[in-house]
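>>> Please find the sequence and the predicted model below.
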Amino acid sequence: MKKYIDIEDELSKLKNAFPKFLIPDINSLVSKINAKSEHSANWGYEMCIDGENIEIPSRIYWDESKLKINGLTDNHKMITACILTRHHNGYVREKNLEKLILSEKYWTIPYVIQLIGEYVIELLELIWEKFESINKENLVKFIIENETYWFKTKQRIASYWDCYHRYEGKTKSDYIGFKLIDRIENLSKK
C-alpha cells in the first residue's frame, strides 16, 4: 500500500510559480485539487515574467491517477498543465506540453522553455515539430527578460548532449537541442 504525504506546502508554493495576478485563480484551483504524492516536490528554477520573480518546481511527484479536479476555468487548465509539465513521469509532461504549445499566455512559456533544457529527447522533438504553433513573441520576450536563465538552459542542453548523445555519434549540428537554440535565437534577430 502506497504511503502518501501531505502536499499542502506544495500547493501553497504554487502562488510563487506564476505572476501575482493569477493568485485568485491559483487559490480557486488549490481549493479544487485533490492530489496525492509519495514524495515532496523539488523547487528551484527562478525566472522573471513581466518583471516579477517566479520559481517553478523542478519536479513534482503527484499521483496523476489520484488527481481529481472539477469545474476548471481556462486559466485553471493552463496552470494545471504548467505544473504537470514538471511531473516526474515524462508521458505526463508530454501530454501537458502539448497544451502549452498552443497557449498564447506569456506566463506559460517558462514551462515550455524549461523542457527544452531537459534530457527527454521526445519532448524536444515535440517542441521542434510543433514550433510553428508556439507564440514567437512570447519566446523572444522570455529569453530577453531572462538572459541568465536562457544561458543556463543552453548550458544544460550542451551538457545533456555531451552526456547522452555525443557518444552515440550525434554531432552538435544533429542534436535537436542545439537546433532549438538556433531556431529560438534566430527569432530575436528578425
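Structure received. Predicted, not measured: the structure shown is a model, and the values here were computed from it. Numbering: from 1, shown residues only.

>>> which residues touch residue 163?
residue 119 (Cβ atoms under 8 Å, 6 or more residues apart in numbering). Any C-beta I mention is one placed from the backbone N, CA and C, and that applies to glycine too.

>>> and it, that's in a helix?
Yes: counting by DSSP: H, G, I helix; E, B strand; the rest coil, residue 163 is found in a helix.

>>> Show the backbone phi and psi for residue 46.
When read as degrees, to the nearest 10, the backbone of residue 46 gives phi -100, psi 140.

>>> For residue 152, see how far away it is.
Look at residue 46 and residue 152: by Cβ to Cβ, to the nearest Å, they are 10 Å apart.

>>> again, but for residue 183
Applying Cβ to Cβ, the value for residue 183 to residue 152 is 19 Å.

>>> Then residue 96?
22 Å.

>>> Residue 181 now?
Distance from residue 181 to residue 152, by Cβ to Cβ: 12 Å.

>>> Who has more neighbours out of those two?
Taking neighbours as other Cβ atoms under 10 Å, residue 181 and residue 152 compare with residue 181 leading, 20 against 14.

>>> Look at that one and report its pLDDT.
Model confidence at residue 181, given as pLDDT, is 96.

>>> Can you give me every residue that contacts it?
Residue 181 touches 154, 157, counting by Cβ under 8 Å, 6+ apart.

>>> that's a strand at it, yeah?
No: counting by three-state DSSP, residue 181 is not found in a strand; it is helix.

>>> what about the residue lying closest to residue 46 once chain neighbours are set aside, neighbour count?
In this structure, residue 46 finds its nearest non-sequential neighbour in residue 55, 5.0 Å apart by Cβ to Cβ, 6 or more residues apart in numbering. Applying other Cβ under 10 Å, we find 14 residues neighbouring residue 55.

>>> for the one 5 residues further on, same thing?
Under the neighbour criterion other Cβ under 10 Å, residue 60 is assigned a count of 23.

>>> tell me the phi and psi of it?
phi -120, psi 160.

>>> what bridges to it?
residue 87 (DSSP bridges).

>>> mind starting the numbering at 631 from now?
From this message on, residue numbering opens at 631, which makes the last subject residue 690.

>>> That one and residue 716 touch, don't they?
Yes: when contacts are counted by Cβ atoms under 8 Å, residue 690 is listed as touching residue 716 (5.0 Å).

>>> centroid residue for the protein?
By Cα atoms, centre = their mean, the chain has its centre lying nearest to residue 741, at 2.3 Å.

>>> hang on, isn't that residue packed against residue 729?
No: contact between residue 741 and residue 729 fails when scored by Cβ under 8 Å: they sit 10.1 Å apart.

>>> May I have the residues that are in contact with residue 648?
So residue 648 contacts 656, 679, 684, 709, 712, 737 (Cβ under 8 Å, 6+ apart).

>>> Is it in a helix, a strand, or coil?
Quick answer, by three-state DSSP: residue 648 is coil.

>>> which ones are touching the nearest residue to residue 669 once chain neighbours are set aside?
Distances taken as Cβ to Cβ, 6+ apart place residue 691 nearest to residue 669, at 4.0 Å, with adjacent residues excluded. Listed by Cβ under 8 Å, 6+ apart, the contact set of residue 691 reads 667-671, 717-718.
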